[in-house]
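**Student:** Here you go, sequence then predicted model.
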Amino acid sequence: MAVFNVIFSESAAHVRDTLSEDSLQGLRRGLAILAGDPRTKISAAISDDENTRSVALTRTLAIEYIISDGLLIVLVVHVVDTSHVLVENED
């Protein structure tokens, strides 16, 4: 099984560098899993060629990435802050 090298776009690296230690650990764990299987069944293709994908790594972190020539290129890191929400769940 090939392991993909992970690199970050400049904007994704900027967000990565601002993460708390807990969030950074979640990002690292998620990327380690993706490096072994970047087309995991819980990721979603966001391009016709299936190489540009999106996946939630943790409850508060999601990424968009491209798979190309042995690289997993993280384009965007999304951080979800649920401490302030417009509509609360009514469960």
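**Tutor:** Good, I have the coordinates. Fair warning: this is a prediction, and the values are worked out from it, not measured in the lab. Numbering: from 1, shown residues only.
**Student:** switch to C-alpha atoms for all contacts and neighbour counts from now on
**Tutor:** Fine.
**Student:** Give me the nearest residue to S23, chain neighbours excluded.
**Tutor:** With C-alpha to C-alpha, 6 or more residues apart in numbering as the criterion, S23 has its nearest non-adjacent residue at 7.6 Å, and that residue is L61.
**Student:** partners of the one you found in the sheet?
**Tutor:** Beta-bridge pairing of L61 under DSSP bridges involves V79.
**Student:** any idea how far H78 is from it?
**Tutor:** 6 Å (C-alpha to C-alpha, to the nearest Å).
**Student:** what helix or strand is I33 on?
**Tutor:** Using DSSP states H and E, the element containing I33 is helix 21-36.
**Student:** Settle it for me: which of L61 and H78 has more neighbours?
**Tutor:** Between L61 and H78, L61 has the larger neighbour count (other C-alpha atoms under 10 Å), namely 18 against 15.
**Student:** surely that one meets L27?
**Tutor:** Yes. Look at L61 against L27 with C-alpha atoms under 8 Å: they come within range, at 7.3 Å.
**Student:** R53: what's it in contact with?
**Tutor:** When the contact criterion is C-alpha atoms under 8 Å, 6 or more residues apart in numbering, the partners of R53 are 39, 43-47, 64-66.
**Student:** Are any of those residues buried, and if so which?
**Tutor:** Listed as buried from the contacts of R53 are 39, 43-45, 64-66; burial here means 16 or more other C-alpha atoms under 10 Å.
**Student:** quick one, helices of this structure?
**Tutor:** For the chain, the helices defined by DSSP state H occupy 10-17, 21-36.
**Student:** What distance do you get for the residue nearest the centre of the chain to A35?
**Tutor:** The residue lying closest to the centre of the chain (C-alpha atoms, centre = their mean) is I63, at 2.6 Å. Distance, I63 to A35, using C-alpha to C-alpha: 13 Å.
**Student:** same check, this time on K41
**Tutor:** 14 Å.
**Student:** Those two: who's more crowded?
**Tutor:** Shown here are K41 and A35; by other C-alpha under 10 Å, A35 has more neighbours (19 against 9).
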